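Undergrad: With the sequence up front, the predicted model follows.
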Number of protein chains: 2
Amino acid sequence: MPCFSRTFTVTTDDPLALDHFLCFAVYSVSHAFTRVYKPLLDRLGLTYTQYLAMAVLWERDDQTVGSIGERLHLESSTLTPLLKRLEQSGYVARARDPADERQVRLSLTASGRSLKAKAAHIPACILKATGLSLRELSRVKADLEKLRHALECYEGK
Amino acid sequence: MPCFSRTFTVTTDDPLALDHFLCFAVYSVSHAFTRVYKPLLDRLGLTYTQYLAMAVLWERDDQTVGSIGERLHLESSTLTPLLKRLEQSGYVARARDPADERQVRLSLTASGRSLKAKAAHIPACILKATGLSLRELSRVKADLEKLRHALECYEGK
DNA sequence: TGCAATATAGTCGTGTGCGATTCAATTGCA
DNA sequence: TGCAATTGAATCGCACACGACTATATTGCA
């Protein structure tokens, strides 16, 4: 591309430069979050994704694999092994729904319910780590939710 | 399928509610990006992370595993197998640096260099998928970079 | 100069993630 | 009612992602 066709030329003009990728910003923040969570979750015996699954069940107990997956945007191929590990850890119980034997219902054990209290301090720790005010956090989160919606609408086109 | 309008606002005080998690917003957008990229990258024979690694090399050829890892915030245990797969695909060459045999230098092959032209249309496709203007995209990206910096500073404390 | 400390990739084990497929249960319709 | 289509979870293969560890090369300092 000849230079005369451009109003100004900078080294960062290249659209394929990593620093232009919104996706990379999201990707790297996601990993950074996981690393901040790790020491906090290690003490609960949870991985990051397991923590998300527990949060879904803390909100509403007794859900199917499918409904948890819909909430977390994850496939059964991801969730089934993960939920089996949570069962191994003693936090959830898995049982076929007698009314519809295709479904598997996940319910919290006593240990899983009491884990919520042990996790109660985490959101404040994370908020501190983000260095954001609650207002800023809300705004960034809203931007991301709007973005997720747009990306999901675009899929399959 | 596309466009379930699940952008309802939940009114709960529970800090452990999934909808309060900034991390989950980031996490789910990251996966949504991957899913939008997939059909575009399939035609190039790249995975999403491989695409990021190629972008790093398109910016500057002939880098070590370490410098690529620093750029992408990834460990050698992640990069080594990934770069070997890029070598298998014929896009990069791997060679020990004669001046320092500890380092492995990655360089683009002719095929790897010409792949950049085949990827040139992708950023515009992604921009369209985000539904954002360039200005909005810049703002969200800046917010995320600031956030990543805060999280990385917090690590190890 | 010798050797301990450090740096750099690589290996291994565990845990996501997903697409393609499978299997069993349920549904719907001729 | 019978059976084809659909649904829900599980399985399998592949590719990240990282922590802990290893092997080799280099550096730095007594």
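TA: Now that the structure is in, tell me what you want to look at. As the structure is a computational prediction, the values presented were derived from the model and not from experiment.
Undergrad: hmm, the longest strand out of those in chain A in reach of chain B?
TA: Taking DSSP state E as the assignment, the strand of chain A that covers the most residues is strand A:100-108. No: on the criterion C-beta under 8 Å from any C-beta of the partner chain, strand A:100-108 is out of touch with chain B, staying 12.9 Å away. In this view, the C-beta of every residue, glycine as well, is placed from N, C-alpha and C.
Undergrad: helices and strands around that strand, which ones?
TA: helix A:48-59, strand A:63-64, helix A:65-72, strand A:92-97 (3 or more C-beta pairs under 8 Å, 6 or more residues apart in numbering or on different chains; DSSP states H and E).
Undergrad: looking at these, which is buried most?
TA: Across the helices and strands packed on strand A:100-108, averaging neighbours per residue (mean count of other C-beta atoms under 10 Å in any protein chain shown) puts helix A:48-59 on top, at a mean of 20.
Undergrad: that older thread, is it possible to get JSON lines of the helices and strands packed on strand A:100-108 that adds mean pLDDT and distance to residue A:36?
TA: JSON lines is the format used below for those (pLDDT from 0 to 100; distance: least, C-beta to C-beta, whole Å):
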{"stretch": "helix A:48-59", "mean pLDDT": "98", "distance to residue A:36": "10"}
{"stretch": "strand A:63-64", "mean pLDDT": "98", "distance to residue A:36": "27"}
{"stretch": "helix A:65-72", "mean pLDDT": "98", "distance to residue A:36": "19"}
{"stretch": "strand A:92-97", "mean pLDDT": "97", "distance to residue A:36": "25"}
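Undergrad: Could I get these in JSON lines, plus columns for distance to DNA strand D?
TA: JSON lines is the format used below for the helices and strands packed on strand A:100-108 (distance: least, C-beta to the nearest atom of the strand, whole Å):
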{"stretch": "helix A:48-59", "distance to DNA strand D": "10"}
{"stretch": "strand A:63-64", "distance to DNA strand D": "3"}
{"stretch": "helix A:65-72", "distance to DNA strand D": "3"}
{"stretch": "strand A:92-97", "distance to DNA strand D": "6"}
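Undergrad: Get me the contact residues on chain A for DNA strand D.
TA: By the rule C-beta under 7 Å from any atom of the strand, the part of chain A lying against DNA strand D is A:27, A:31, A:34-35, A:38, A:64-66, A:69, A:75-77, A:79-81, A:83, A:94, A:100, A:102-104.
Undergrad: Show the buried residues in those.
TA: A:27, A:31, A:34, A:64, A:65, A:69, A:79, A:83, A:104 (16 or more other C-beta atoms under 10 Å in any protein chain shown).
Undergrad: if I pick the second one, what's in contact with it?
TA: So the one you mean is residue A:31. residue B:73 (C-beta atoms under 8 Å, 6 or more residues apart in numbering or on different chains).
Undergrad: what about it, helix or strand, and which?
TA: Using DSSP states H and E, residue A:31 sits in helix A:22-42.
Undergrad: how far is that helix from where the chain is centred?
TA: Helix A:22-42 has its C-alpha centroid displaced from the chain centroid by 10 Å (C-alpha atoms, centre = their mean, to the nearest Å).
Undergrad: Report the rounded mean pLDDT for that helix.
TA: In this model, helix A:22-42 has a mean pLDDT of 97.
Undergrad: tell me which residues of that helix are tucked away?
TA: A:22-34, A:36-37, A:40-41.
Undergrad: Point out the one among the helices and strands packed on strand A:100-108 that comes closest to DNA strand C.
TA: Nearest of the helices and strands packed on strand A:100-108 to DNA strand C, taken as C-beta to the nearest atom of the strand: helix A:48-59 at 3.7 Å.
Undergrad: Now do that closest one: which elements does it pack against?
TA: helix A:22-42, helix A:65-72, helix A:76-88, strand A:100-108, helix A:110-118.
Undergrad: Is there any residue in the last one that contacts chain B?
TA: Yes: judged by C-beta under 8 Å from any C-beta, helix A:110-118 comes into contact with chain B through residue A:116.
Undergrad: Quick one: name whatever helix or strand follows that helix.
TA: The helix or strand immediately downstream of helix A:110-118 is helix A:122-130, counting by DSSP H and E.
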